[in-house]
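> Can you look at this prediction? I've put the sequence above it.
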Amino acid sequence: MRILVVTVVHHPEDARILHRQIAALRERGHRIVYAAPFTARKVLPRPGLEGVDLPRAAGLDRRAAVSAARALLAERGHEADVILLHDPELLLTLPGTLRRWRRSGTAPVVVWDVHEDTAAALAMKRWLPRALRPPLRLGVRAAERLAERHLRLLLAEDAYQERFRRTHPVVPNHTTAPPQPPEPPGTERVVYVGHLSQARGALDLIETARLLPADLHLDVAGSADPDVRDALAAAHRVGILRWHGFLPNDRALALLPGALAGLSLLHDQPNYRHSRPTKVVEYMAHGVPVVTTPTPLAAELVERHGCGLVVPYGHPLAAAQAIRRLSSDAELRLGTARRGRAAALADFNWPDKAAEFTGWLETWAQEEADPGRAGDVARRGRSRPRPAAGSPSPGPRARPGRVG
């Protein structure tokens, strides 16, 4: 199949998009064109992967990114068998575009991969004026209903099913567990891997690091929102923690082996109450004990598998005490690491889900090529899957530039 993957919000090295989904599709022999904000994020496409450069959508003004994505779909969308969209903003590119494709008989399968509860996440957008949040929340829900009528949907969490009328496939944020037993947790390093914001506990990480003994270091890998960037940079300068900035997923995960604990200090926000933090599963897969705040799915995971400790929201002292406890109790440290690793291998290993993900896209493309069968599937409301670079150059004005 020819698959066009598009994002204007996510980093081109996003773990779900690049390291799991695109990697799985390439392993199946599918041809991928990956449109993402390469230049804005100062990265190049991975070798052998055709890239198209798009502007980045950030803050209030997302018009340029949406316009460039619309131009890309108009220019190259008809070449694809499947178009895989990763941002709700990209739904704005489809009115008119879908109609033109269908009139010309060249309509590809369009899939929206639902990464989060977008309406709930609006409460955490500090750049978004409060007065705009309620109407935008209603607009998001309306867009979701329209998307369900006209597109195929993939969901990152089971709980997202509640937002839709029909049942849609769930492609969870699992991770690839190292095949060999990882290095056991030591007593010299604590790690955090993931995006950094106030709601994700960035300031709590700094305060937790202040409370640790001088011989115990906190390694932090991830890009940061503007309102916490200065605080993280200052903490790095004076040696409170080591902030590595954004690292591609494979390099970020290389920090995990041998770490004493992996931190997930999310605040109590609606968007986090029904999401399983991917970092928690990554810590487990690499044999790292987890220290997490009590977001429901993270706490349930840690308590069910005995793979770490749960601390209160917004309580750096409790987080530091949990880290000290793991440092001083070798039996607890090694036991939580061992149990987390076993659970990740058994229940949260991406290779076990990769074939199911690729199977959905392959089946939908086959159904689109067979209108009679596609009509039967539409009436049922759901199909079943068959198991189954270079530097960017500027393009025409208001069109995406190409990479590779």
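Ah, there it is.
> Only C-alpha atoms from now on, for both contacts and neighbour counts.
Noted.
> hang on, Leu332 packs against Ala322?
No. Contact between Leu332 and Ala322 fails when scored by CA atoms under 8 Å: they sit 11.1 Å apart.
> quick one: Glu356 is in a helix?
Yes. The assignment for Glu356, made by DSSP: H, G, I helix; E, B strand; the rest coil, places it in a helix.
> Assign a three-state SS to Leu203, would you?
helix.
> Also Val33?
strand.
> Can you mark which positions in whichever strand or helix holds Asp227 are buried?
Taking DSSP states H and E as the criterion, Asp227 maps to helix 226-237. Buried residues in helix 226-237, defined by neighbour count with 16 or more other CA atoms under 10 Å: 229, 232-233, 235-236.
> Dump those to a markdown table, plus distance to Val111 and pLDDT.
What follows is these, written out as a markdown table (distance: CA to CA, whole Å; pLDDT from 0 to 100):
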| residue | distance to Val111 | pLDDT |
| --- | --- | --- |
| Arg229 | 34 | 96 |
| Leu232 | 37 | 98 |
| Ala233 | 39 | 98 |
| Ala235 | 42 | 98 |
| His236 | 41 | 98 |
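> what helix or strand is Val288 on?
Applying DSSP H and E, one finds Val288 in no helix or strand.
> Which residues are in contact with it?
184-185, 256-262, 336-337, 340-341 (CA atoms under 8 Å, 6 or more residues apart in numbering).
> Which ones among those residues lie within helices?
Secondary structure from DSSP state H places 336-337, 340-341 of those in helices.
> For those residues, which single residue is the most surrounded?
Of all those, Gly340 has the most neighbours under the rule other CA atoms under 10 Å, reaching 29 neighbours.
> dump the residue contacts of that one.
Applying CA under 8 Å, 6+ apart, the residues near Gly340 are 283-285, 287-289, 305-308.
> residues near Pro179, how many?
Neighbour tally, Pro179, other CA under 10 Å: 9.
> in which helix or strand would I find it?
Using DSSP H and E, Pro179 falls within no helix or strand.
> quick one on the thing from earlier: looking at the ones in helices among the contacts of Val288, which is nearest Ile22?
Arg341 (25.0 Å; CA to CA).
> In this structure that closest one contacts Glu282, no?
No. Using CA under 8 Å, Arg341 is not in contact with Glu282; the gap is 9.3 Å.
> buried sites along stretch 236-253?
Buried positions in stretch 236-253, judged by neighbour count with 16+ other CA under 10 Å: 236, 240-243, 245-249, 252-253.
> Repeat that for stretch 57-68.
Neighbour count says stretch 57-68 has 57, 64-68 buried, by 16+ other CA under 10 Å.
> Would you mind measuring from Ala107 to Arg70?
To Arg70, Ala107 is 15 Å away according to CA to CA, to the nearest Å.
> meant to ask about Ile323, not that
In terms of CA to CA, Ile323 sits 48 Å off from Arg70.
> got it, and Arg100?
Distance from Arg100 to Arg70, counting by CA to CA: 13 Å.
> The two: who's more crowded?
For Arg100 versus Arg70, neighbours defined as other CA under 10 Å are more numerous around Arg70 (23 against 15).
> Nearest spatial neighbour of the more buried one, chain-adjacent residues omitted?
Thr93 (4.8 Å; CA to CA, 6 or more residues apart in numbering).
> got the contact list for the one you found?
66-67, 69-70, 73.
> Apply 10 Å and report the result again.
Applying CA atoms under 10 Å, 6 or more residues apart in numbering to Thr93 gives the contacts 66-74.
> Ala322 now?
Applying CA under 10 Å, 6+ apart, the residues near Ala322 are 261, 290-292, 308-311, 316.
> TSV for the contacts of Val288, including distance to Leu84 and pLDDT?
Below are the contacts of Val288 laid out as TSV (distance: CA to CA, whole Å; pLDDT from 0 to 100):
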residue	distance to Leu84	pLDDT
Pro184	39	97
Pro185	38	98
Leu256	31	98
Pro257	33	96
Gly258	37	97
Ala259	36	98
Leu260	38	98
Ala261	35	98
Gly262	32	98
Thr336	38	98
Ala337	36	98
Gly340	32	98
Arg341	32	97
